[in-house]
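Q: After the sequence you'll find the predicted model.
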Amino acid sequence: MDRASGGKKIIYETEFNKLCYLAYKELEEEGYANEVELPMRWYQFGMELWGQPEAYGVIYQGDDRGTQVTRQTLSERVFDVGDELQSAIYKVARQLAGEYKNIYGTDKIVDDSYEDYAPTEFVREYHEFRSVFDTLEEDQSSLTSFVNDESPVDHISTVRRHMERLVESYPRSKYDEAYTLFRRWDSVTRQLAKNGDLAAMETLANDFWEMFSRVELRIHHQIDIPSDDQADWIIERPRHKDAFEETLKEYRQIALKGRDDTGHLYRVSASYSEAVRNIANESD
Amino acid sequence: MPDISVLDTGVLIGATIQKDTHHEECIEYLLTKETCFLTPTVEREFDNKEEDIRETLSDEITQHRHDVSNEVDNQTLSPSTIDWIRTNLLTRELNSYRFLSRYYQNLRNEARYATIDRLQVISDLEEIEFEVWQDETEEYGGLESLVEYWDEPIPSYPDVTHDLLIHEGDDPIVCIEAHHIATEKPSSTELATTNPRHFIRQVGDEPETREKNILRVTNLDAVVDQSWDRGS
């Protein structure tokens, strides 16, 4: 990539991870999956390399935009693979470098990797759902310039469309461990959307996805991860679930406080609440 | 009718959670009684159970909403689709059965003269599952304004304990605490429950009903059933 862009392109960690995965998928198609041995796991923003960067001949350095990836000078020994695989790697590297050398920012490569390789429909739908916050933020800022009162902007119709797709695509038998938390997150998120609390909704969504990545994604969708690491991730599951359960409780309270009482469902409660109110009035 | 009441945990839960099966009967009861006492055991049990119960109800309704999302394709719901949901997606075992069934009954009536949108049902269910988390007693000034906490020491009554037939969980302790309040207070006192199986009916080959037994061996003047299907 460095060579293809004439040294102009800076690669960031997210893009590096995606490039490695796209390269792996190309090599897999060519029949080299068993020889590549590149440990990767699906985490919050897609597939990522697992292990120390030095093992892959790169250095990570933070800058104001993210984590920059620079290559180390590598000895020929690092490329001690068969001639056939080596030429396949060169071919894929040239192909991807050509494809992405003039694309700056990580949106396209992230979208491409989800579009082509998201491990389940649910993961692809969640990636779509994430984009809803940008849309809602734009809507909110354009609306507030016209609306003077302090009433919250109702986001539920936009959010509900995405949430319904998430509900319909959730593969319960595969992601059973996190299902209860998904259900509860869904419930709280819809209420926050009704309250117009975009900031809380977004933070909670990030927390949910972090938990989901730890409890389900990295365990179900990984390549060549050492079995000890996999065992550790399974042992850690209850801790991550408990932590998110506590987070959910906090956000449920926020949602309850922000709830508009006039939104109560009279169709359900009217029949007996009315009787109860009459009694309350009589006893005054 | 006794002036003083001692509440079993189920009555307290019923009063505070609108979507509890016994809510209607329990809140009505609390609002009509002059004095309702909470014993230390009931207070502790309530603290332990309240969140679990709200969680169970809310989970059930969210699961039901997910089932509707996954199983019902029609964008508008006809009376026959509503019947299908009631028959296939609700079971009597659900704690939320009573009010969900009532909701669909009302919806079915409405469907005879109006179009019922599937998304409206989803939205209604979202509201119901969240209402479960509301404390219904807040509308009447909060639990503190409806009940009194009994915080004086309660001695043991070994003879009464020995003669009581009720033995399940903390139920005998609640009976003893209610007996103590009835002993201390000059007014007549009753014990209110939503669990007639433990507190009122005859169980197995026991020689008398639980109600008769409690009234015979304690100083309580009545045991009242506040469950929604009392008498059935």
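A: Right, received. Where do you want to start? In this text, all values refer to a predicted model and were calculated from it rather than measured experimentally. Numbers count the residues shown, from 1 in each chain, chains lettered A, B, ... in the order given.

Q: Tell me if I'm right that A:Gln95 and A:Glu29 touch.
A: No. Assessed by Cβ atoms under 8 Å, A:Gln95 is found out of contact with A:Glu29, at 11.9 Å. (C-beta placed from N, C-alpha, C; glycine too.)

Q: Compare the two (neighbour count), which wins?
A: A:Gln95 (13 against 10; other Cβ atoms under 10 Å in any protein chain shown).

Q: what residues are up against the more buried one?
A: By Cβ atoms under 8 Å, 6 or more residues apart in numbering or on different chains, the contact set of A:Gln95 is A:Glu26.

Q: That one: helix or strand, and which one exactly?
A: helix A:83-100 (DSSP states H and E).

Q: List the buried residues for the helix or strand following that helix?
A: The first helix or strand that comes after helix A:83-100 along the chain, using DSSP H and E, is helix A:107-117. For helix A:107-117, burial by neighbour count (16 or more other Cβ atoms under 10 Å in any protein chain shown) applies to A:Ile109, A:Val110, A:Asp112, A:Ser113, A:Tyr114, A:Tyr117.

Q: Show residues contacting helix A:107-117.
A: A:14-15, A:18-19, A:21-22, A:25, A:45-47, A:100, A:103, A:123-124, A:127.

Q: Can you go through these and name the buried ones?
A: Buried, going by 16+ other Cβ under 10 Å: A:14-15, A:18-19, A:21-22, A:25, A:45-47, A:100, A:123-124, A:127, out of those.

Q: burial of B:Ser188, as a residue count?
A: 14.

Q: That one touches B:Asp221, doesn't it?
A: Yes. Contact between B:Ser188 and B:Asp221 holds when scored by Cβ under 8 Å: they sit 4.2 Å apart.

Q: Next one: B:Glu177, what pLDDT does it get?
A: The confidence metric pLDDT takes the value 97 at B:Glu177.

Q: quick one, phi psi at the closest residue in space to it that isn't next to it in sequence?
A: Nearest residue to B:Glu177, sequence neighbours excluded (Cβ to Cβ, 6 or more residues apart in numbering or on different chains): B:Thr39, at 3.8 Å. Dihedral pair for B:Thr39: phi -80, psi 160, per degrees, to the nearest 10.

Q: Now do the SS call for the residue lying closest to B:Leu215 once chain neighbours are set aside.
A: In space, not counting the residues next to it along the chain, B:Leu215 is nearest to B:Val223; the distance is 6.8 Å by Cβ to Cβ, 6+ apart. Assigned by DSSP: H, G, I helix; E, B strand; the rest coil, the conformation of B:Val223 is strand.

Q: Show me what B:Val223 is bridged to.
A: B:Leu191 (DSSP bridges).

Q: how much space between it and chain A?
A: 22 Å (Cβ to the nearest Cβ, to the nearest Å).

Q: show me the residues around that residue that make contact.
A: Counting by Cβ under 8 Å, 6+ apart, B:Val223 has contacts B:Glu190, B:Leu191, B:Ala192, B:Thr193, B:Phe199, B:Ile200, B:Arg210, B:Glu211, B:Ile214, B:Leu215.

Q: Looks like B:Pro2 contacts B:Thr189 (just checking).
A: Yes. At 5.4 Å, B:Pro2 counts as touching B:Thr189 under the criterion of Cβ under 8 Å.

Q: Which of the two has more residues huddled nearby?
A: Set B:Pro2 next to B:Thr189 and count neighbours by other Cβ under 10 Å: B:Thr189 wins out with 24 against 20.

Q: Grab the nearest non-local neighbour of the more buried one.
A: In space, B:Thr189 is closest to B:Ala182, 3.9 Å off (Cβ to Cβ, 6+ apart).

Q: ok, and for the host helix or strand of the one you found, which residues are buried?
A: Using DSSP H and E, B:Ala182 maps to helix B:171-184. Using 16+ other Cβ under 10 Å as the test for burial, helix B:171-184 gives B:Asp171, B:Pro172, B:Ile173, B:Val174, B:Cys175, B:Ile176, B:Glu177, B:Ala178, B:His179, B:His180, B:Ile181, B:Ala182.

Q: Just to check, the first one is in contact with B:His198?
A: Yes. B:Asp171 sits in contact with B:His198 when judged by Cβ under 8 Å, with a separation of 5.2 Å.

Q: tell me which parts of chain B are close to chain A?
A: By the rule Cβ under 8 Å from any Cβ of the partner chain, the part of chain B lying against chain A is B:18, B:23-24, B:27-28, B:31-32, B:58-59, B:62-63, B:66, B:69-70, B:99, B:102-103, B:106-107, B:110, B:119, B:122-124, B:126-131, B:133-134, B:139-140.

Q: Minimum pLDDT in the contacts of helix A:107-117, which residue is that?
A: Least confident entry in these, by pLDDT: A:Ile103, with 67.

Q: Which helix or strand contains B:His66?
A: helix B:40-71.

Q: quick one: buried residues of that helix?
A: Neighbour-count burial for helix B:40-71 [16+ other Cβ under 10 Å]: B:40-43, B:45-46, B:50, B:53-55, B:57-69.

Q: what separates the helix or strand just after that helix from the chain centre, distance-wise?
A: Downstream of helix B:40-71, the next assigned helix or strand under DSSP H and E is strand B:76-77. How far strand B:76-77 lies from its chain's middle: 33 Å, per Cα atoms, centre = their mean, to the nearest Å.
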